[in-house]
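# The sequence and its predicted three-dimensional model are supplied below.
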Amino acid sequence: MDVMFPLGHRPGGSKAFDLPPGRTEHSFDASPAVAGTIVGLGGHIHDYGVGLALTDITAGRTLWHGTPLRDSAGHVLSMPVSTFFNWHRLGLHVEPTHCYRVTVTYDNPTGRLIRNGGMGAVGGVLVPDRGVRWPRVDPADSLYRTDLRATLRLDAGTQSDMMDMDDGGGTMRAMRP
């Protein structure tokens with residue numbers, strides 16, 4: 001889940017945003033496609049990032065908050081990865097009837113705008129509830145195709161850098177790693 005979804009609001013689907021001087025927050029709200037349990041979660045932010053959070057806004061509670069390990073200049077060295085299980089509990093349950101928000105906070109002390117200087121995304125492991133069926137992906141959906149192209153960076157390569165892939169809706173081209 002990314003604060004700049006869908007598609008980063010920029011050509012090519014960049015998930016980065018310009019980082020103005022001072023304190024800045026970006027967020028995105030969404031509901032999961034299926035009910036399940038998050039058993040592990042981490043995140044990604046850029047330099048001058050202060051924190052990243054996942055909140056169940058329906059229930060009014062923060063599920064996870066990560067504070068980066070930074071050096072003295074404010075450069076991010078790492079983000080924590082949390083596991084949500086122990087001997088008496090397995091994970092954080094999420095529901096399609098709830099709305100969740102990912103929020104990233106930055107504090108840019110440079111006094112200048114940093115182009116593409118911000119980013120905020122959480123990712124983790126979700127175990128779907130027993131008997132839950134994932135919704136079928138519509139490979140013809142324009143948002144799906146644009147996001148897939150951006151994820152695979154199809155607009156960035158040349159013909160010689162490409163390989164064929166089948167996304168279930170026909171052959172697509174993808175960049176070679």
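The structure has been received and is ready for your questions.
# contacting residues for V94?
V94 makes contact with 32, 35-38, 56, 100, 126 under the criterion Cβ atoms under 8 Å, 6 or more residues apart in numbering. Where you see a C-beta, it was placed from the backbone N, CA and C, and this is true even at glycine.
# Please identify the helix or strand for the closest residue in space to T83 that isn't next to it in sequence.
Take T83 and drop its neighbours on the chain: the residue closest to it by Cβ to Cβ, 6 or more residues apart in numbering is G40, 4.8 Å away. For G40, the host element (DSSP states H and E) is strand 36-45.
# that older thread, how confident was the prediction at the residue nearest to T83?
What the model reports for G40 is a pLDDT of 94.
# Tell me who's in contact with P109.
Residues near P109 by Cβ under 8 Å, 6+ apart: 21, 48, 74.
# The same query, at a cut-off of 7 Å, please.
For P109, the contacting residues are G74, by Cβ atoms under 7 Å, 6 or more residues apart in numbering.
# How many residues are close by R89?
For R89, the count of nearby residues is 10 (other Cβ atoms under 10 Å).
# try A53
So A53, with other Cβ under 10 Å, has 20 neighbours.
# quick one: contacts for it?
Counting by Cβ under 7 Å, 6+ apart, A53 makes contact with 62, 64-65, 103.
# List buried members of those by neighbour count.
Neighbour-count burial (16 or more other Cβ atoms under 10 Å) is assigned, among those, to 64, 103.
# Sort out which residues of the strand holding G40 are buried, please.
Under the neighbour-count criterion of 16+ other Cβ under 10 Å, strand 36-45 has 36-39, 41-45 buried.
# Same question for stretch 81-96.
82, 84, 91-95.
# Can you list which of these are found in helices?
With DSSP state H as the criterion, helices contain none of these.
# Domain ranges for this structure, per the record?
Using automatic domain parsing, the domain ranges for the chain come out as 7-131, 136-177.
# Out of these, flag the one nearest M1.
Of all those, domain 7-131 sits nearest to M1, with 4.6 Å by Cβ to Cβ.
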